[in-house]
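> quick one, structure for this:
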Amino acid sequence: MLNNIRKSFVLVAVVATLSTGCKYSKQYQEITKTGNQYTAAIDELLDKASELQIDSTSEKLLQNDSFSNINVDFYNNYKSNDKEMLEIISRIRQHNSLLGEYFNTLNQLAVSKAPDNLQTEITGIATNLQTIGSQLQTSPLLPRPMVIGEIGKLVVNSKIDGVLKNELEQRHPIILKQLKIQEEMLTILSELMKTRVESIKEARERRLVINPIVGSEPISSPKQWMDLRKEILLMDKQVQEIEKASGALYDFQNIYKAAVEGKVNSQYLNSTLEDIDRFLALLQDNQQPTQNES
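A predicted model of the protein is given here:
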């Protein structure tokens with residue numbers, strides 16, 4: 001998972017360099033660096049999505065257990081739902097990893113002295129990428145199969161030539177489609193996580209905040225109670241992170257198109273990097289250690 005946007009931004013650097021005829025500039029090195037950070041953040045977001053799914057189910061099980069004892073079949077039904085969702089998130093990771101492998105190999109293709117040796121490898125990666133992408137389009141996570149409209153062809157910059165140009169001309173519509181699939185999956189995942197967060201917040205506020213404060217006994221640890229209440233009420237930030245990830249991925253699609261066509265705009269690149277910096281700052285704000293429940 002740590003490869004997708006990282007290698008995507010490396011590709012932007014490679015293609016833009018070939019387009020302008022200059023060596024890696026400080027600007028494109030910064031793009032690559034930010035891509036590394038961004039990809040690491042996306043990986044953590046998918047971890048959080050998995051945790052939210054499990055936490056949501058656990059809270060529902062606790063709620064049901066507070067009314068009446070639950071049996072093994074009841075528990076296993078919830079566990080089955082968790083397993084299905086975790087498998088979907090795992091498939092998103094696989095898709096992301098394959099995108100990373102593709103861009104990494106494309107980077108090698110651009111600088112290799114024997115690019116023909118990489119043709120079979122990159123073709124295999126692209127084939128696997130399409131297979132996983134097709135599976136995501138019919139994922140149980142979707143209310144209906146995902147339909148991606150026609151992806152228009154780009155005119156590859158004339159300064160890009162040889163095997164790299166052939167690869168970009170042949171496969172850039174496929175790659176754009178896969179980036180679109182991933183953007184859609186992150187958008188849908190963020191909507192689903194909103195529902196999960198709301199149910200967790202409601203259950204935890206009742207169990208850990210309201211019940212102790214309205215009980216006959218005074219709160220034994222006021223600081224812990226306050227920290228838990230704050231953590232619960234600020235859970236919405238986790239959904240905001242996923243939403244911003246989806247938006248940043250959409251921006252990258254435009255950067256990728258501009259790089260292929262030799263229309264990289266420095267102002268747009270800088271604006272996108274600023275958006276990603278804000279996204280990373282939001283993620284960092286939410287990486288404080290969670291409080292232990294009592």
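> for Glu44, give me the pLDDT.
Note on Glu44: pLDDT of 72.
> could you do Pro212 as well?
On pLDDT, Pro212 comes in at 92.
> burial measure for it, as a count.
Neighbours of Pro212 under the rule other Cβ atoms under 10 Å: 18. Quick note: C-beta positions are derived from backbone N, CA and C, even for glycine.
> and what of Met193?
By the criterion of other Cβ under 10 Å, Met193 has 24 neighbours.
> helix or strand for Gln130, which one?
Element membership for Gln130 (DSSP states H and E) is helix 119-137.
> may I have the secondary structure class of the nearest residue to Lys165 once chain neighbours are set aside?
Among residues not flanking Lys165 along the chain, Val156 sits closest, at 5.5 Å (Cβ to Cβ, 6 or more residues apart in numbering). Three-state call for Val156 (DSSP: H, G, I helix; E, B strand; the rest coil): coil.
> in this structure Ile122 contacts Leu168, no?
No. Applying Cβ atoms under 8 Å as the test, Ile122 and Leu168 come out as separate, 11.2 Å apart.
> so which helix or strand takes in the residue nearest to Ser139 when sequence neighbours are not counted?
Sequence neighbours aside, Ile88 is the residue nearest to Ser139 in space, at 5.5 Å (criterion: Cβ to Cβ, 6+ apart). Assessed by DSSP H and E, Ile88 sits inside helix 72-111.
> cool, Leu179 as well?
Assigned by DSSP H and E, Leu179 belongs to helix 162-204.
> and that helix, average pLDDT?
If you average the pLDDT over helix 162-204, you get 85.
> name the helices or strands packed onto that helix?
When contacts are defined as 3 or more Cβ pairs under 8 Å, 6 or more residues apart in numbering; DSSP states H and E, helix 162-204 sits against helix 4-20, helix 26-67, helix 72-111, helix 119-137, helix 222-233, helix 236-261.
> then the shortest one to CSV, C-alphas only?
Below are the C-alpha coordinates for helix 222-233, written out as CSV (Å, rounded to 0.1, in the frame of the first residue of the first chain):
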residue,chain,number,x,y,z
PRO,A,222,-12.4,12.9,36.3
LYS,A,223,-9.5,13.4,33.9
GLN,A,224,-9.9,10.0,32.3
TRP,A,225,-13.7,10.6,31.9
MET,A,226,-13.0,14.0,30.3
ASP,A,227,-10.4,12.5,27.9
LEU,A,228,-12.8,9.7,26.9
ARG,A,229,-15.6,12.2,26.3
LYS,A,230,-13.4,14.4,24.1
GLU,A,231,-12.1,11.4,22.1
ILE,A,232,-15.6,10.1,21.5
LEU,A,233,-17.0,13.5,20.4
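> Asn117 and Gln108, how far apart?
9 Å (Cβ to Cβ, to the nearest Å).
> so which of these two has more stuff around it?
The neighbour comparison of Asn117 against Gln108 (other Cβ under 10 Å) goes to Gln108, with 15 against 11.
> contacts only, for that one.
Leu118 (Cβ atoms under 8 Å, 6 or more residues apart in numbering).
> do the same with Thr138
145-146.
> any idea of the pLDDT on it?
For Thr138, the pLDDT comes out at 92.
> phi, psi of it?
Per-residue torsions, Thr138: phi -120, psi 20 (degrees, to the nearest 10).
> swap in Gly152?
According to degrees, to the nearest 10, Gly152 has phi -70, psi 150.
> run a quick neighbour tally on it.
Residues lying near Gly152 (other Cβ under 10 Å) number 8.
> if I look at it, how far off is Asp47?
35 Å.
> how about Leu99?
According to Cβ to Cβ, Leu99 and Asp47 sit 18 Å apart.
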